[in-house]
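Participant: Sequence below, structure please.
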Amino acid sequence: MKKLILALITAVGLVAGAQASEGGLVWDKAPNKTNDLASLQNGAKLFVNYCLNCHSAAFMRFNRLKDIGLTDQQIKDNLLFTTEKVGDTMKAAIDPKQAKDWFGGNPPDLSVIARSRSGHGTGADYLYTYLRTYYRDDTKATGWNNLAFPSVAMPHVLWELQGERKPVYAEQEEHGHKVEIFKGWQQVSPGTMTPLQYDQAMGDLVSYLQWMGEPSQNSRVRVGVWVLLFLLGLTFATWRLNAAFWKDVK
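Facilitator: Numbers count the residues shown, from 1 in each chain. Model (predicted):
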């Protein structure tokens, strides 16, 4: 329980920077693909290759990925480092002391990050926006900044996929003052993915983070629907049985 509380606290800490966007940047709607096994599998691959280097998922075991259609052998061949076992929890590869020296603190656990809510939408909407709004900023120690989380300490680990972009602003007058309004992006250098492919990949990653935060959610919803249908049928049968029992009673 103590670990769960700590994870929730760190998750809230990650989305706290988004409060600065209140009244400014509106979060994009994240695609909900938690029932799409291919999407979840791609998201798991992205998470292990790009996120798990620094961020742990202490409440998720690798063998739970069998729930999204992977076999033990596929997990071993594609998602495990040499010293890890299928039954292990997802622990970050980075040394906590090094992380503190480099980033000023340990990167938060991401087990339940997508369940956090803040600002203009859900935690998933924030993550989807956050992962797609990095831009070069030479004034920052990492060389990167983020519109959804200004002055973020985390560098853009996915920049080779997305390429380099810069935000485009337009000036307009509000209450007698000129302000800059974000209008869009200008591609500075291409990545290995097209903008559409990158957006789809981030949708897969966010969907995986949503699924990881509550792996049994979809099963619970399916079971709940059948339970409600059963209760509805039982109610109808009971009503008709009651009517038949009392019809001859004066």
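
Participant: what's the spacing between the residue nearest the centre of the chain and residue 164?
Facilitator: Taking C-alpha atoms, centre = their mean, the centroid of the chain lies closest to residue 206, which sits 3.4 Å from it. Computed with C-beta to C-beta, to the nearest Å, the distance linking residue 206 and residue 164 is 22 Å. C-beta coordinates here come from the backbone N, C-alpha and C atoms, glycine included.

Participant: on that earlier part again, ok, and for the strand or helix carrying the residue nearest to the centre of the chain, which residues are buried?
Facilitator: In this structure, residue 206 is located in helix 195-213 according to DSSP states H and E. Judged by neighbour count (16 or more other C-beta atoms under 10 Å), helix 195-213 contains these buried residues: 198-213.

Participant: Also stretch 51-69?
Facilitator: Residues of stretch 51-69 classed as buried: 51-52, 54-60, 62, 64-65, 68 (neighbour count, 16+ other C-beta under 10 Å).

Participant: Kindly report the same for stretch 242-250.
Facilitator: So for stretch 242-250, nothing qualifies as buried (16+ other C-beta under 10 Å).

Participant: and what of stretch 69-81?
Facilitator: In stretch 69-81, counting by 16+ other C-beta under 10 Å, buried: 70, 75, 79.

Participant: right, and the last one touches residue 42 too?
Facilitator: No. The pair residue 79 / residue 42 is not scored as a contact, 11.8 Å apart, by C-beta atoms under 8 Å.

Participant: quick one: the longest helix seen in the chain to helix 195-213, angle?
Facilitator: Looking across the chain with DSSP state H, the single longest helix is helix 217-246. If you take axes from the mean of the first three to the mean of the last three C-alpha atoms, to 10 degrees, helix 217-246 sits at 60 degrees to helix 195-213.

Participant: And the strands in this protein?
Facilitator: Counting by DSSP state E, the chain has strands at residues 57-61, 89-90, 117-118, 121-122, 134-136, 144-146, 163-174, 177-190.

Participant: who touches the second one?
Facilitator: Strand 89-90 is touched from outside by 48, 52, 56, 57, 58, 59, 60, 61, 62, with contacts defined as C-beta atoms under 8 Å, 6 or more residues apart in numbering.

Participant: can you rerun that using 7 Å?
Facilitator: Strand 89-90 is contacted from outside by 52, 56, 57, 58, 60, 61, 62, using C-beta atoms under 7 Å, 6 or more residues apart in numbering.

Participant: Mind listing the strands it pairs with, and their directions?
Facilitator: Its sheet considered, strand 89-90 pairs with strand 57-61 (antiparallel) by DSSP bridges.

Participant: any idea of the pLDDT on the nearest residue to residue 39 once chain neighbours are set aside?
Facilitator: Nearest non-adjacent residue to residue 39, counting by C-beta to C-beta, 6 or more residues apart in numbering: residue 33, 4.0 Å away. Note on residue 33: pLDDT of 93.
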